[in-house]
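Visitor: here is my input; please provide its structure:
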Amino acid sequence: MPWNDNAGGGGGGPWGSGGNGGGNRNNPWGQNGGGGGGRDGQEPPDLDELVGKLQDGLRGMFGGGGGGRSGGKGGSGGGIFGAILVALVIGFGVIIWPGRAVYQVQPEQVGVVMRFGEYVRTAPPGLNLKLPWPIETVELPNVTETRTISIGANNIGESQMLTRDENIVDIAFEVQWRVDTANIADFVFNVRNQEEAVRAVAESAMREVVGTSDLVPIITTARAEVSQRTREVMQQTLDEYEAGIQILQVNLERSQAPQSVIDAFRDVDSAAQDAERARLNATAHANRVIPEARGEAAQITQSAQAYRDSVIAEAQGEADRFVAIYDEYALSPEVTRRRMYLETMERILGNSELIILDQEGNAVPYLPLDQLGRNRGQGGQ
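Guide: Numbering: from 1, shown residues only. Alright, predicted model coming up:
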């Protein structure tokens, strides 16, 4: 149907014509009392009249009077607006409200509920309720993910640091961190860009630790200590910032002298390793030789003690025997003297050849009967 209705005699819209002052009350925009047909005769709608029609429509739907300001048939226009308003309210309550009031928190997340931008509570994983936007909003940070930041791997400005002994060391390290669930509100509200904050604190902490350490320990034996001290300084700083961030570990990926002097430092490192190897070898040799020397010393000591005891015992025995002989000699000196003489001669002559001399000193041949008897016995065998 065209917008202009010829039956009305003027160029009216779909709500009817206002020509010849007839005035169609079904037009919700209202009409001017003056003549003029078509659009040239219309004026902008009156706001007071629109509000009045809306009130009349609501009263008509809920049992109120239908007269209103428009009089007569004006209640039908107000009913349309009232129906539209009620439909919007019902649609908001049935469709939009549940979608805005019910939300789900994943197992790896924690819900941070804010009311007009102010933190009010923390929601656990699962389905939760809240007041719809814009009253309450929810942030869902991931609290189980271990996040990693690498510093100094590809940036010379980050990697080169000054040590306490005024040397430059080239360091690349990795920081592992995650959200501190005990301070989840601090993580959401106190730091705008958490990753950049961790990066800045990590670089500052590493420079502080390196600045209080010498070069050689950093690149040789103190790598684990540097990592531990850096983690402690980072955690202390982030706790002071109330950032809600937990530092898990700091790993040194590279710790060496600058590239321009790396060869010289490698030579120094090799010399230090050789010295350490020589020291360990010397310690091993000492651990092997010293017990052997102690064992030999103990053996010699024990042998000397045994020899001393045997000599003392033998001397004591001889002394006791001499005392016993002296006692016997004191009782009968002549008998004892003769017995000692005979025993001495027997011991001396027992191993000597027998030669008999006559009074003139000539050797007298004699027949060794004992030898003949011994030889005869051997021949009989």
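Visitor: quick one, domains of this protein?
Guide: 1-42, 46-140, 147-257 (automatic domain parsing).
Visitor: mean pLDDT for those domains: which is lowest?
Guide: Of all these, the minimum mean pLDDT falls on domain 1-42 (a mean of 42).
Visitor: where exactly do the helices run in this structure?
Guide: For the chain, the helices defined by DSSP state H cover 47-61, 74-91, 97-101, 156-159, 184-189, 194-211, 215-219, 223-241, 262-331, 333-349, 369-380.
Visitor: could you dump those helices to CSV with distance to Asp358 and mean neighbour count?
Guide: C-betas here are computed from N, CA, C, even on glycine. Shown next, in CSV, are these (distance: least, Cβ to Cβ, whole Å; neighbours: other Cβ atoms under 10 Å):
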stretch, distance to Asp358, mean neighbour count
helix 47-61, 181, 17
helix 74-91, 168, 16
helix 97-101, 155, 13
helix 156-159, 121, 14
helix 184-189, 136, 19
helix 194-211, 116, 18
helix 215-219, 105, 20
helix 223-241, 108, 17
helix 262-331, 36, 11
helix 333-349, 19, 11
helix 369-380, 20, 9
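Visitor: among these, which is nearest Arg121?
Guide: helix 184-189 (9.5 Å; Cβ to Cβ).
Visitor: Ile356 contacts Asn362, correct?
Guide: No - judged on Cβ atoms under 8 Å, Ile356 makes no contact with Asn362 at a distance of 9.6 Å.
Visitor: what do the two both touch?
Guide: Common neighbours of Ile356 and Asn362, counting by Cβ atoms under 8 Å, 6 or more residues apart in numbering, are absent.
Visitor: from Met161, how far off is the nearest residue in space to Val233 that is not next to it in sequence?
Guide: Among residues not flanking Val233 along the chain, Ala205 sits closest, at 3.9 Å (Cβ to Cβ, 6 or more residues apart in numbering). Here Ala205 is placed at a distance of 11 Å from Met161 (Cβ to Cβ, to the nearest Å).
Visitor: and if you look at Gln194?
Guide: Going from Gln194 to Met161 by Cβ to Cβ gives 24 Å.
Visitor: what about Ile118, neighbour count?
Guide: Small correction: residue 118 is Glu, not Ile. The tally of other residues near Glu118 (other Cβ atoms under 10 Å) stands at 9.
Visitor: one step back: reformat the helices of the chain as JSON lines; add distance to Thr146.
Guide: JSON lines is the format used below for the helices of the chain (distance: least, Cβ to Cβ, whole Å):
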{"stretch": "helix 47-61", "distance to Thr146": "58"}
{"stretch": "helix 74-91", "distance to Thr146": "44"}
{"stretch": "helix 97-101", "distance to Thr146": "33"}
{"stretch": "helix 156-159", "distance to Thr146": "22"}
{"stretch": "helix 184-189", "distance to Thr146": "15"}
{"stretch": "helix 194-211", "distance to Thr146": "12"}
{"stretch": "helix 215-219", "distance to Thr146": "26"}
{"stretch": "helix 223-241", "distance to Thr146": "14"}
{"stretch": "helix 262-331", "distance to Thr146": "33"}
{"stretch": "helix 333-349", "distance to Thr146": "101"}
{"stretch": "helix 369-380", "distance to Thr146": "105"}
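Visitor: and those: which comes nearest Thr144?
Guide: Thr144 sits nearest to helix 184-189 of all these, at 12.1 Å, using Cβ to Cβ.
Visitor: summarise which helices and strands that closest one is packed against.
Guide: Judged by 3 or more Cβ pairs under 8 Å, 6 or more residues apart in numbering; DSSP states H and E, helix 184-189 is in contact with strand 111-115, strand 118-123.
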